[in-house]
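Q: Got a sequence here, can you model it:
(chains A and B)
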Amino acid sequence: MKKILATQLKKRLTGVISLTLVAGLLLTGCGAAQTSQPAATTSSGNTSGNTIKVGILHSLSGTMAISEVSVKDAEMMAIDEINAAGGVLGKKIEPVVEDGASDWPTFAEKAKKLLQQDKVATVFGCWTSASRKAVLPVFEENNGLLWYPVQYEGMESSPNIFYTGAAPNQQIVPAVEWLFKNKGKKFFLLGSDYVFPRTANKIIKAQLKDLGGEVVDEEYTPLGFTDYSTIINKIKATKPDVVFNTLNGDSNVAFFKQLKDAGITSKDLTTLSVSVAEEEVRGIGAANMAGQLVSWNYYQTTDTPENKEFVKKYQAKYGADRVTDDPIEAGYDAVYLWAAAVKKAGSTDVDKVRQAAKGIEFQAPEGQVKIEGENQHLWKTVRIGEVAADGSIKEIWSTGKAVKPDPYLKSYPWAKGLSN
Amino acid sequence: MGTYLLQIFNGISVSSILILAALGLAITFGLMKIINMAHGEFIMIGAYVTYLMQNQFLHLPKSLFGLYFILAIPASFIVSGLVGFVLERTVIRHLYNRPLDSLLATWGVSLVLQQLARNIFGAPNVDVKSPAWLDGGLVLSQGLQLPYKRLFIIVLVIVCLLSMFLLLYKSKTGRRIRAVMQNREMAESMGINTRRVDAYTFAIGSGFAGIAGCALTLLGSIGSTLGTNYIVDTFMVVVLGGVGTLVGTAAGGLLIGTANTTLEFLTNASLGKVLVFILIITLLQWRPNGLFNISSRSLDD
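A: Presented below is the predicted three-dimensional model:
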């Protein structure tokens, strides 16, 4: 009797669980169907032989979806534009969208699927350094090609990756120099506890030592950390001139909200963030961040004709309330740069594209960018911006011209010994 | 001196936030023994309700804007409570006394709710502007300012704890709830509709999580993953305090909160967290049932 009851219950339970799972699948399915609509419209009417498949690999669910969904949107837009203009080599580009789900092993698995099963010509994707490090061996083994759109900590240059975000010398190093000259010598380093902030702070410490600055404290908080009252108290106690902020994700919201509540505004203390762009400012609340500084290569307000066009198209496609920011723009550029390289190579073969990509220039929304053949990073203009009360970012300083990428900081004597 | 005073206040404030986040779990996990992994998502629902309430008030005259937050508190309680009620009726009901199954099923539910939030509100975080009357803080001396938001949360926690105490220990409903949770068969034979009691108990627990979500909009991010940031901490509070007691939850929250801020101040955030974990494990070695535990028949088996 008892056994029968147990099996009955078990059956019911399996029913319940599978129901929940099915519901989950349905929901994620709906999400994917919604977001991949543009893809469906462009690929319809084309037979598969007339298309070039490319992979898009971002976190569309999980904690990183906050940032990566918008980058995926920009990449899809670039693909649509190129297709509308006739595609590449007479063929339309057909995106294959995969969800890395904010989980690094999933990224590796999906990368393998894209390269081996779908046989894509190239992949646009990743955001966190952890996800890039996870897929890197997959791309190297299968001789694939990844276009990585986010600023990062440097110290890497794989022949199978093109880096369209900033290397440290195009974001962090000039920002530290500018702060040191204009804001003061005492730095408080605050970051999330993982590879990017720790490597970035190692660079900053070496640079400050060379400049004659001082690090009053260095603090790391776990990802997803929510209470900054103690850290803010430490900032008050150590009285720095500048807080250099490498926090990532939700923690930024908590930090800036609580900083303002503690009665500290941009008038009392300068903070400069390298992982807070327009998209993040919206979530933090412009009022909580007004007057604070950021360092990037592109802002929505960047004054170029290409950018006006880009912002207009992006908002027309995804809604007037959407904003563009640096990684979104870098993702968009990546697609155009790849297409230009394929055109030049006359083929989608990875080795040929890699050769052809060297020195390719593109009039991007951020201004002219160029692929540096030596390390497959981009020449980019560095811009320091100030958050305005309406959440937009105003450029207050820029290098004025594109800076050569130097991921290993070889041209800086103080950086000797950092790269190993 | 100011630094230390502020640090003591921070300890109390972090404790109050932990207690608030754990209150709902004290009912769903503490009383009902459901390992409710979806607890964080009820917090998230409360936060999004606050966001929607704010958006409604944006159309009204500016002078009324400050009121939205007062209305958002009961609204988030009701909406989270309703979702909790539906969840209990459809899923949890089948899983009583099966902790592992309830863990898996509620975890699935939490993923579903997160994706649902992402589909409705979009993946990026949303911004909730706090009402003007909560901006700024109580200035005690130069450099020593106690934010009104944190003071408000402390008061809110006290009110919530009191009303939960009155509900559970001084009302007829509460007596029924405790009767069912302590000895289901006996309560049933006394004529109590235990299924109904289960449903509204779970709804009340979820509702309190909603209030926590509403309050948390003042301090942190509002996005689909809001709940996941709190889920581990809230379980620790309930387990350390002693499953099934309200006093235990309050004490657990206070201990973890002050230990967290103190150790973080003395070392750093990551190491502080490790030390807090070690502290909790040691305490549970000494008192496996938590700081406060009640002996009841249901806990014997």
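
Q: residue ranges for the helices of the chain, please.
A: Since no chain was named, I'll use chain A. With DSSP state H as the criterion, chain A has helices at A:2-35, A:37-43, A:65-84, A:104-112, A:129-141, A:172-182, A:195-211, A:229-238, A:251-261, A:278-284, A:286-289, A:305-318, A:326-345, A:350-357.

Q: Chain B is the one I meant
A: Taking DSSP H to define them, one finds helices in chain B at B:2-25, B:39-57, B:68-90, B:99-121, B:148-170, B:172-182, B:184-189, B:194-216, B:228-241, B:246-266, B:269-286, B:297-300.

Q: rewinding a little: so which of the helices of chain A is nearest B:Leu52?
A: helix A:278-284 (16.2 Å; C-beta to C-beta). C-beta coordinates here come from the backbone N, C-alpha and C atoms, glycine included.

Q: Pull the residues that contact the closest one.
A: Around helix A:278-284, the neighbours that count as contacts under C-beta atoms under 8 Å, 6 or more residues apart in numbering or on different chains are A:66-67, A:70, A:252-253, A:256-257, A:276, A:289, A:299-300, A:323-325, A:328, A:387, A:391-393, B:124-127, B:221-223.

Q: Return the residues in contact with the residue minimising distance to the centre of chain A.
A: Closest residue to the average C-alpha location of chain A: A:Val150 at 3.2 Å, with C-alpha atoms, centre = their mean. By C-beta under 8 Å, 6+ apart, the residues touching A:Val150 are A:71, A:126-128, A:165, A:327, A:330.

Q: Grab the nearest non-local neighbour of it.
A: A:Gly165 (4.4 Å; C-beta to C-beta, 6 or more residues apart in numbering or on different chains).

Q: Apart from its neighbours in sequence, what residue is nearest B:Ser224?
A: B:Ala117 is the one closest to B:Ser224 (C-beta to C-beta, 6+ apart), at 4.1 Å.

Q: Quick one: residues contacting residue 212.
A: Picked chain A for this. A:Lys185.

Q: let's do chain B instead
A: Residues near B:Ala212 by C-beta under 8 Å, 6+ apart: B:20-21, B:23-24, B:43, B:46, B:230.

Q: ok, now with 10 Å
A: B:17-25, B:39-40, B:42-43, B:46-47, B:76-77, B:80, B:153, B:156-157, B:160, B:227, B:230, B:234 (C-beta atoms under 10 Å, 6 or more residues apart in numbering or on different chains).

Q: near chain A, from the residues you listed?
A: Filtering the contacts of B:Ala212 for proximity to chain A (criterion: C-beta under 10 Å from any C-beta of the partner chain) leaves B:17-18, B:21, B:230.

Q: and A:Asn233, what does it touch?
A: A:262, B:2-4, B:6-7, B:9-10, B:261, B:264-265.

Q: will you turn these into CSV that also has pLDDT, distance to A:Asp349 and neighbour count?
A: Converted to CSV, these look like this (pLDDT from 0 to 100; distance: C-beta to C-beta, whole Å; neighbours: other C-beta atoms under 10 Å in any protein chain shown):
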residue, pLDDT, distance to A:Asp349, neighbour count
A:Ala262, 89, 57, 23
B:Gly2, 81, 66, 15
B:Thr3, 85, 63, 14
B:Tyr4, 89, 66, 11
B:Leu6, 89, 63, 24
B:Gln7, 91, 62, 20
B:Phe9, 93, 64, 22
B:Asn10, 92, 59, 27
B:Thr261, 93, 58, 25
B:Glu264, 93, 54, 29
B:Phe265, 93, 58, 22
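
Q: Pick the one among those closest to B:Leu291.
A: Nearest to B:Leu291 among the contacts of A:Asn233, with distances taken as C-beta to C-beta, is B:Thr261, at 18.9 Å.

Q: Over to the residue in the stretch 101-250 of chain B that chain A sits nearest to: give its phi and psi.
A: Nearest to chain A, among the residues of the stretch 101-250 of chain B, is B:Asn125, at 2.8 Å (C-beta to the nearest C-beta). With angles defined as degrees, to the nearest 10, B:Asn125 sits at phi -60, psi 150.

Q: what's the spacing between it and A:Thr270?
A: From B:Asn125 across to A:Thr270, the span is 24 Å (C-beta to C-beta, to the nearest Å).

Q: Neighbour count: these two, which is higher?
A: Ranked by neighbour count (other C-beta atoms under 10 Å in any protein chain shown), B:Asn125 and A:Thr270 place B:Asn125 first, with 26 against 18.

Q: May I ask you to confirm that the more buried one is in contact with A:Asp250?
A: Yes: here B:Asn125 reaches A:Asp250: they are 6.9 Å apart, a contact under C-beta atoms under 10 Å.
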